[in-house]
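**Q** Return a 3D structure for these sequence lines:
(chains A, B, C and D)
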Number of protein chains: 2
Amino acid sequence: MTGCTEIRGNEGWAAEMATIRDVARAAGVSIATVSATLNGTKNVSEELRKRVLDAVGHVGYAPNGIAQSLKRGTTRLLGLILPDITNPYFAALARAAESAASARGYTVLLCNTDEDAAKESEYLRLMKTQRVAGLILALTESAPEYTAGLVEMIAVPVVLVDRVAPGAPWDSVASLNADGARRAVTHLIERGHRRIGGVFGRDSVSPIQERLAGYRTALEAASLSFDPGLVRLGCRDSEAARKAAQALLNLPDRPTAFFTSNNQVMLGVLQAVRNHGLACPADVSITGFDGLSWAEVMNPPMTTVEQPAAMIGDQAVELLLRRLEGAADEPRHVRFPTEFLVRGSSAKPPPRLAQVVAGAGRRPAKPS
Amino acid sequence: MTGCTEIRGNEGWAAEMATIRDVARAAGVSIATVSATLNGTKNVSEELRKRVLDAVGHVGYAPNGIAQSLKRGTTRLLGLILPDITNPYFAALARAAESAASARGYTVLLCNTDEDAAKESEYLRLMKTQRVAGLILALTESAPEYTAGLVEMIAVPVVLVDRVAPGAPWDSVASLNADGARRAVTHLIERGHRRIGGVFGRDSVSPIQERLAGYRTALEAASLSFDPGLVRLGCRDSEAARKAAQALLNLPDRPTAFFTSNNQVMLGVLQAVRNHGLACPADVSITGFDGLSWAEVMNPPMTTVEQPAAMIGDQAVELLLRRLEGAADEPRHVRFPTEFLVRGSSAKPPPRLAQVVAGAGRRPAKPS
DNA sequence: GCTTCCAAGCGAAACGTTTCGCTATGGCGA
DNA sequence: TCGCCATAGCGAAACGTTTCGCTTGGAAGC
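**A** Numbers count the residues shown, from 1 in each chain, chains lettered A, B, ... in the order given. This next block holds a predicted model:
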């Protein structure tokens, strides 16, 4: 019984699906009429409509979306290309995007690039053969010379999320990263910090570039000079961030606070601080970025800049559907403000270090 | 310029894609030959192969997957239906599944049911019209009378993840939930707890049922009686869990520890404990479930049962592809062991309460 | 009673592939 | 030299829809 009756394995599974022909036959009408009835594209007598609908239920018909897409020359598929769905920020973005898409009758194809340009290009090829109607894309690379190549290979509407690309003819949705970073660093300065380390992720994408700019802006606004020795770029994961922070902590005149550019980096920095025998926030203050519910239950609860991930995902779909409905005006660039949440990980610097800094710095820090 | 030149808005975007005809014309061969060349289904002279490949590059041809699917009668699409991608456990599962699928040439359609059976059924209908080749499904409901209905409406191979369905003719992949819960509760008992509250999520799905069973098993193994008054089922979110835990804490003989059935619930319980003016683990111990990297940086670091989410996602795809390749043997039910990580959130009960418990309980607890 | 018109329904082409069966070409053995 | 076979390449049908334009029949207008 377990091997003899099964001539072809698949037969039991892939039940022969009913086609529009079967419906037509069952209802005693032509297939054109069934199509017209189901799509409401033509007037059909009430009696016939009922007969068709009955037949549909009877034969268990579900329209073949593949055939529809082929004939109509368009699909109801949206590509969603993200670095990593495991990152809570992108998960929230994806969730909102999927929800908005599905509410409008679209289905989402999920892709994780892992920040790898080769994977990204492979996925783009795949999306092309799948003939997705549009694309929501978080680039692995913001440089114009990179995106220019993509522009000509993508033939459908695109909305960029998180990472923007100057010059690309696409809509984009992102946070006001520079402002978020500026607020976090300003907060640290107001708490009395003068030497503020900056540990950043891959700086080939715009959010990191913007957060770095915000970091500098805050320093400038407080008439503090920007010390490149205090900044580490390109930390791909928390391990890299840990090492970077470790190096900064070994500096003779070590930072009393860290601005970190995302959650992974924040974790690495926190680890480095602890490995160094220091406590947060007693010895070193830290601010995070991205925001997610866990930051507030951490030890200590983390001061972070929160991004409205769900709004970004939702808005991206909104813009994409506008294009799909034919809008051909100038690219729109939507920017949402971040929220800055002060929690336990940022405090005053320890008095003795504040002294040292005051002694060593160019501008003596007023004890606040 | 902004309104007159644009006769049809879409025209600029949806560039007229090259078809196999264009390639054939450019290479000076028939479309049958182009197809044979590209798919390697027939011998083609080396010279011609080169000419065809050149033509492909020249006209920028990408095969129309829609037409291929229609003709071949099968797609390379996999449906992934999960409660909520925002849950780190499901995010990790989805990530692994997508990765495995894409490595084998499949694309993943993402759906979030939000634990809503109506949405689930809507998504199933959608997957059916999209003609997905197979389905990875985390049910909203494990009851046989519910799943029986689904079995007959789904005509493609299915692999259940996380939630299993007794009686359904489908493969499944999940954790050994009962064992994980048993270990966590046993750990609490060994620490000296006698009144252990249980706060659980929706008990209409198998993992929660199994974790409840594990909770009871651990009590029985320690000759502790199961007190239904100490258990709360059906906490859909952390707010519900908070209320449930609050009620338990108001009991005259309150629990000294909580077993929680997932991370959301754990968060709510932790909140309730704090709102009650108690400290974890000094006054109340807590164990979590699901596991995710943030548990270890929480305050306190949480003792949790970790599920191998990535392995589950990976294995699900593995099983699904087996079926797609024709395997028709008995349904396979894969179960992975959990990992139990003891961290800071579980400690001995405070001495005075251990006293009270000893006085009130049926079996005096030996001070360990 | 004839024409005209309209609505309802139908037949067939087309979307871009794959694949089956056919033709043509050339090499080889007898 | 002839016939045969293998092989490269081709033509056309088919997958399940949508849609255009046609037919049909009955009601309305004269």
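**Q** per-residue confidence averaged over stretch A:167-176?
**A** In this model, stretch A:167-176 has a mean pLDDT of 97.
**Q** Can you give me the buried ones in that stretch?
**A** A:168, A:170-176 (16 or more other CB atoms under 10 Å in any protein chain shown). Heads up, the C-betas are built off the backbone N, CA and C, glycines and all.
**Q** wait, does it contact chain B?
**A** No. Applying CB under 8 Å from any CB of the partner chain, one finds that stretch A:167-176 is not in contact with chain B, the shortest distance being 9.3 Å.
**Q** Keeping just the C-alphas, turn that stretch into CSV.
**A** Extracted C-alpha coordinates of stretch A:167-176, given in CSV (Å, rounded to 0.1, in the frame of the first residue of the first chain):
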residue,chain,number,x,y,z
GLY,A,167,20.0,61.2,-8.9
ALA,A,168,17.9,58.0,-9.4
PRO,A,169,14.5,58.7,-10.9
TRP,A,170,12.7,56.9,-8.2
ASP,A,171,10.4,57.7,-5.3
SER,A,172,12.0,57.2,-1.9
VAL,A,173,10.9,56.9,1.7
ALA,A,174,13.3,57.2,4.6
SER,A,175,13.8,58.8,8.1
LEU,A,176,15.4,62.1,8.8
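**Q** any idea how far that stretch is from the chain center?
**A** Its chain's C-alpha centre and that of stretch A:167-176 lie 13 Å apart, by CA atoms, centre = their mean, to the nearest Å.
**Q** List of residues touching it?
**A** By CB atoms under 8 Å, 6 or more residues apart in numbering or on different chains, the surrounding residues in contact with stretch A:167-176 are A:144, A:147-148, A:150-151, A:157-165, A:206-207, A:307-308, A:312, A:315-316, A:319-320, A:323, A:331-338.
**Q** List the buried residues for stretch A:288-308?
**A** Neighbour-count burial for stretch A:288-308 flags A:288-292, A:294-295, A:297-308 (criterion: 16+ other CB under 10 Å).
**Q** re the thing from before, show the buried residues in the contacts of stretch A:167-176.
**A** By 16+ other CB under 10 Å, the contacts of stretch A:167-176 give A:147, A:150, A:157-165, A:206-207, A:307-308, A:312, A:315-316, A:319-320, A:323, A:332, A:334, A:338 as buried.
**Q** between the buried residues of stretch A:167-176, which is nearest DNA strand D?
**A** Taking CB to the nearest atom of the strand as the measure, DNA strand D lies nearest residue A:171 of the buried residues of stretch A:167-176, at 26.9 Å.
**Q** Who does the closest one form a beta bridge with?
**A** Note on residue A:171: beta-bridge partners by DSSP bridges are residue A:159.
**Q** measure it to residue A:318 for me?
**A** Applying CB to CB, to the nearest Å, the value for residue A:171 to residue A:318 is 10 Å.
**Q** Same question for residue A:176.
**A** Counting by CB to CB, the gap from residue A:176 to residue A:318 is 19 Å.
**Q** Could you do residue A:273 as well?
**A** 41 Å.
**Q** quick one: which of those two has more around it?
**A** Higher neighbour count among residue A:273 and residue A:318: residue A:273, with 22 against 17, using other CB atoms under 10 Å in any protein chain shown.
**Q** Now the more buried one: phi and psi?
**A** The phi/psi pair for residue A:273 (degrees, to the nearest 10) reads phi -60, psi -40.
**Q** show me what contacts it?
**A** A:245, A:249, A:258, A:279-280, A:283-284, A:286.
**Q** ok, which residues in chain A are in contact with DNA strand D?
**A** Proximity of chain A to DNA strand D, by CB under 7 Å from any atom of the strand, involves residues A:19-21, A:31-32, A:35-36, A:38-39, A:41, A:61, A:63-64, A:67-68, A:70-72.
**Q** rewinding a little: among the buried residues of stretch A:288-308, which lie within strands?
**A** The members of those that map onto strands under DSSP state E are A:288-290, A:303-306.
**Q** neighbours around the residue nearest to residue A:254 when sequence neighbours are not counted, how many?
**A** Counting by CB to CB, 6 or more residues apart in numbering or on different chains, residue A:254 lies nearest to residue A:248, which is 6.5 Å off, once chain neighbours are set aside. For residue A:248, the count of nearby residues is 22 (other CB under 10 Å).
**Q** same question, residue A:47
**A** Applying other CB under 10 Å, we find 8 residues neighbouring residue A:47.
**Q** wait, does the one helix or strand it maps to make contact with chain B?
**A** Residue A:47 is part of helix A:46-59, with elements assigned from DSSP states H and E. No. For helix A:46-59, no contact with chain B is found by CB under 8 Å from any CB; the gap never falls below 12.4 Å.
**Q** Pull the distance from that helix to the chain's centre.
**A** Taking CA atoms, centre = their mean, one finds helix A:46-59 lying 45 Å from the centre of the chain it belongs to.
**Q** just stretch A:117-128 next, same as before
**A** 17 Å.
**Q** and the residue nearest to residue A:254, what does it touch?
**A** By CB under 8 Å, 6+ apart, the contact set of residue A:248 is A:197, A:199, A:230, A:232, A:254-255, A:258.
**Q** 7 Å instead?
**A** By CB atoms under 7 Å, 6 or more residues apart in numbering or on different chains, the contact set of residue A:248 is A:197, A:230, A:232, A:254-255.
**Q** Among those residues, name the ones in helices.
**A** When helices are assigned by DSSP state H, not one member of the contacts of residue A:248 lies inside them.
**Q** Would you point out the most distant pair within these?
**A** A:232 and A:254 (13.2 Å; CB to CB).
**Q** So if I had to pick from these two, which one is more boxed in?
**A** Taking other CB under 10 Å, residue A:232 and residue A:254 do not tie; residue A:232 has more neighbours (21 against 18).
**Q** Any buried residues in the following helix or strand past the helix holding residue A:47, and which?
**A** Next helix or strand after helix A:46-59 toward the C-terminus (DSSP H and E): helix A:65-72. By neighbour count with 16+ other CB under 10 Å, helix A:65-72 contains the buried residues A:65-70.
**Q** tell me the mean pLDDT for helix A:65-72?
**A** Average pLDDT, helix A:65-72: 97.
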